[in-house]
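In: attaching a predicted model along with its sequence, questions to come.
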Amino acid sequence: MTKIGIILNPWAGRGMAGQRRAELETLLRDVGVAFDIIETHARGGAIELTYQAIARGYTCVVAVGGDGTINEVVNGLMGGQERFGQSASLGIVPLGTGSDFVKVLDGFQPNDLSSAVRRLAGGRTRPVDLGRVMVESPLGQEQRYFINGLGMGMDAQVAVESLKLTGIKGFAVYLMAIIRAMANYKAHVMSVRYDDYEVRRRLLFASVGNGRCQGGGFWMTPEAQIDDGLLDLCIVNKLRLDQIIRYLPKLMEGSHTTLRVVTMGRARQIEVTCPQGIPVATDGEVVATAATRVQAEVCPGALRLVV
Ligand SMILES: Nc1ncnc2c1ncn2[C@@H]1O[C@H](COP(=O)(O)OP(=O)(O)OP(=O)(O)O)[C@@H](O)[C@H]1O
């Protein structure tokens, strides 16, 4: 068996990923997996580390952390493939706070090291789709890949608010970020075009799902499949505060899809425009705070995932 490259974000899962490093290493040695492990030292650092891993010839790169870490490794894998013409599969050891992406995968359990290590030892892979997005804002253009979801509007505003909350920790950050996003977010008219359809009205958010669950437990696109060559879409109209509070539990259980204020869709290409600018997040990580145009497309079977 060839050696695998492991990229561990010690801050993921509120520090749990760092605390469980020794346990992970012991389990890997016990099953005879050869590995090198490296920790991230900054936000965005896993992208560069993944490039380096590909340049060194690893054929499997493992993200240890949450959805943000997985997103960085995915972007490193795709960028590395473009730069060096070499591809590597993605392994996941889910030790994040939400670890929403793996909830769509059979047999994956957030925080379960033993089963994650068994999968790495087995080395079985399957192709999964990715989303590729081009985000335009007054600051320029940025391209990103996402594996789980793309948030545009208030859902991305929650991610923006949580970045500003440096003085508090734990679940309080998340709760406070939602409250601040509800209070601060202004729903502008957005145009959402997907394949042959268009929705144009004041929206709370338009959320794109390759996976099913986003934002720490919201089943936005509960029917999404990661290998159907399509992206799912959940568009929610502008709501009053009392409606947001009433509908949030429905979003948390995925029973919102038939509500009058919700439009569900499925497409290969999605374009969202909003001249006033909207926040955008890929896999929960902020890409822009005032994007005027967002173009997303599915990349069918673009990545091999260790399952
Ligand atoms: N060494 C580091 N210091 C500070 N931040 C880091 C470091 N390495 C990575 N990060 C950042 O930590 C953030 C959180 O990572 P991640 O999303 O993996 O964990 P999480 O938020 O606990 O999990 P989830 O997104 O699944 O809820 C990411 O934005 C990532 O860029």
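Out: Arrived safely. Numbers count the residues shown, from 1 in each chain.

In: now the helix or strand Ile245 falls within, how far from the centre of its chain.
Out: The secondary structure element spanning Ile245 is helix 241-253 (assigned by DSSP states H and E). Relative to the chain's own centre, helix 241-253 is displaced by 22 Å; criterion: Cα atoms, centre = their mean, to the nearest Å.

In: partners of the helix or strand just after it, with directions?
Out: Past helix 241-253, heading to the C-terminal end, the next element that is a helix or strand (DSSP H and E) is strand 262-267. Taking DSSP bridges as the criterion, strand 262-267 forms sheet pairs with strand 231-237 (antiparallel).

In: ok, and what's touching the partner strand?
Out: Contacts of strand 231-237 from elsewhere in the structure, counted by Cβ atoms under 8 Å, 6 or more residues apart in numbering, are 129, 131, 192, 194, 199, 201-210, 220-221, 223-224, 247, 256-257, 261-268, 270, 296-298. Quick note: C-beta positions are derived from backbone N, CA and C, even for glycine.

In: hang on, the earlier thing: and the helix holding Ile245, what's buried?
Out: 244, 247, 250-252 (16 or more other Cβ atoms under 10 Å).

In: from what I can see Gly149 touches Phe205, true?
Out: No - proximity of Gly149 to Phe205 does not meet the contact threshold set by Cβ atoms under 8 Å, at 11.1 Å.

In: the biggest helix by length in the chain: which residues count as buried?
Out: When every helix of the chain is counted residue by residue (DSSP state H), the longest turns out to be helix 67-84. Of the residues in helix 67-84, those scored as buried under the neighbour-count criterion (16+ other Cβ under 10 Å) are 67-80.

In: ok, stretch 129-149 next?
Out: Within stretch 129-149, the residues scored as buried using 16+ other Cβ under 10 Å are 129-133, 135-137, 144-149.

In: after the longest helix of the chain, heading C-terminal, what element do we hit next?
Out: On the C-terminal side of helix 67-84, the nearest following helix or strand under DSSP H and E is strand 89-94.

In: got a list of contacts for that next one?
Out: Surrounding strand 89-94, the residues in contact under the criterion Cβ under 8 Å, 6+ apart are 4, 6, 24, 59-66, 70, 73-74, 77, 101-102, 108-113, 116-117, 119-120, 125, 303-306.

In: among those, the buried ones, what's the PyMOL command?
Out: What follows is the PyMOL syntax selecting those of the contacts of strand 89-94 that are buried according to 16+ other Cβ under 10 Å:
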select buried, resi 4+6+24+59+60+61+62+63+64+65+66+70+73+74+77+101+102+108+110+113+116+117+119+120+125+303+304+305+306
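
In: count of residues packed around the residue in the stretch 201-307 of the chain positioned nearest to the ligand?
Out: For the stretch 201-307 of the chain, the residue positioned closest to the ligand under Cβ to the nearest ligand atom is Gly284, at a distance of 4.7 Å. Taking other Cβ atoms under 10 Å as the neighbour definition, Gly284 ends up with a count of 27.

In: just the CA trace of the helix or strand hosting Val199, in CSV.
Out: In the assignment (DSSP H and E), Val199 maps to strand 197-209. Output for strand 197-209, consisting of C-alpha atoms alone and laid out as CSV, is shown next (Å, rounded to 0.1, in the frame of the first residue of the first chain):
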residue,chain,number,x,y,z
TYR,A,197,-35.8,28.6,-15.2
GLU,A,198,-35.5,32.0,-13.5
VAL,A,199,-36.6,33.3,-10.1
ARG,A,200,-36.3,37.0,-9.6
ARG,A,201,-37.5,38.5,-6.3
ARG,A,202,-36.4,39.6,-2.9
LEU,A,203,-34.8,36.5,-1.4
LEU,A,204,-33.6,35.5,2.0
PHE,A,205,-31.1,33.1,0.4
ALA,A,206,-30.4,30.8,-2.5
SER,A,207,-28.5,27.8,-1.3
VAL,A,208,-26.9,25.2,-3.7
GLY,A,209,-26.3,21.7,-2.5
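
In: many thanks, have a good one.
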